[in-house]
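Visitor: Here is a sequence together with a model predicted from it:
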Amino acid sequence: MDRVGRRFITLYALASMGTSLVFLAPLLVSLALKVNSLVGIEQAPNSLALVAGVGSVVAMIGNPFFGKLSDRTSSPYGMRRPWMIAGLAGGCVGILIVALAPSVLVVLIGWCVAQLSLNALLAAQVAVLPDQVPVAQRGVVAGVLGIGLPVASVAATYLVQLFTGNRLAMFLVPCAIGGFFVVLFVLTLKAGSCCCWPTPS
């Protein structure tokens, strides 16, 4: 397996940070604000606990399921790319449902869709590390990827606060920014045996 270059590592780290941004923006701030706006401050903690708890269960089931499914995927576009794109799209749809939800029940449904889809994205994205990074570089690359989580946490909080006056933007702007980096990584992913675009004849 060939060594990966700085460009690959940079794009991979940005995609990982983008995925974390899409996850964390609602989880840290906007989901709680949405629930509070629907049920009021007194009932919000219980309702939020229900939404977050059920979403976590869905995530625990979805992540290994989609990881195994992507391992067995055979497509002209590779094993991981279809799941990264489908997971991102489904996750953004789920977050849109949350943003527009008229009740806590719809918030719960939307958040479960988001958790399931984004864990499909996450499982496929993480699997790129053993797919395309040689053993000698995996520690360094994993360390660089780890930096993205705290950066995404700060960025998520900042973006939500920046768009507090616009509830729809508060949910969708992190999706747009994070999704851009994920798509950029998918489109420029180095060709290889596991993740490759079809070779022109």
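Guide: Right, received. Where do you want to start?

Visitor: now this structure, which segments are flagged as low pLDDT?
Guide: The chain contains residues with pLDDT under 70 at 1, 190-201.

Visitor: which residues of it fall in helices?
Guide: With helices called from DSSP state H, the chain shows them at 6-25, 31-39, 44-71, 81-100, 104-132, 135-162, 167-188.

Visitor: any chance of those helices in JSON lines, with mean neighbour count too?
Guide: C-beta: built from backbone N, CA, C; applies to glycine. JSON lines is the format used below for those (neighbours: other C-beta atoms under 10 Å):
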{"stretch": "helix 6-25", "mean neighbour count": "22"}
{"stretch": "helix 31-39", "mean neighbour count": "19"}
{"stretch": "helix 44-71", "mean neighbour count": "16"}
{"stretch": "helix 81-100", "mean neighbour count": "21"}
{"stretch": "helix 104-132", "mean neighbour count": "22"}
{"stretch": "helix 135-162", "mean neighbour count": "15"}
{"stretch": "helix 167-188", "mean neighbour count": "19"}
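
Visitor: Just give the closest residue to residue 36, not the sequence neighbours.
Guide: Using C-beta to C-beta, 6 or more residues apart in numbering and skipping residues adjacent in sequence, the residue nearest residue 36 is residue 44, 4.3 Å away.

Visitor: can you check residue 86 too?
Guide: residue 120 (6.5 Å).

Visitor: The one you found reaches residue 82, doesn't it?
Guide: No: in this structure, residue 120 is not within contact of residue 82 by C-beta atoms under 8 Å, at 9.6 Å.

Visitor: related to what we said a few turns ago, and the residue nearest to residue 86, what is it in contact with?
Guide: Counting by C-beta atoms under 8 Å, 6 or more residues apart in numbering, residue 120 touches 62, 66, 70, 83, 86, 87, 90.

Visitor: ok, now how distant is the closest residue to residue 169 other than its chain neighbours from residue 89?
Guide: In this structure, residue 169 finds its nearest non-sequential neighbour in residue 163, 4.1 Å apart by C-beta to C-beta, 6+ apart. Using C-beta to C-beta, to the nearest Å, residue 163 is found at 22 Å from residue 89.

Visitor: what do you get for residue 74?
Guide: Residue 74 sits 21 Å away from residue 89, going by C-beta to C-beta.

Visitor: Run through who's touching stretch 49-61.
Guide: The contact list for stretch 49-61 (C-beta under 8 Å, 6+ apart) reads 27, 31, 35, 104, 107, 108, 111, 112, 114, 115, 116, 119.

Visitor: Can you tell me the closest non-neighbouring residue to the fifth one?
Guide: Excluding its sequence neighbours, the residue lying closest to residue 107 (C-beta to C-beta, 6+ apart) is residue 101, at 4.3 Å.

Visitor: And the one you found, how far from residue 185?
Guide: Computed as C-beta to C-beta, the residue 101 to residue 185 distance reads 30 Å.

Visitor: and what of residue 89?
Guide: Remark: distance between residue 89 and residue 185 (C-beta to C-beta) = 15 Å.

Visitor: same thing with residue 8?
Guide: For residue 8, the distance to residue 185 (C-beta to C-beta) stands at 9 Å.

Visitor: All set now, cheers.
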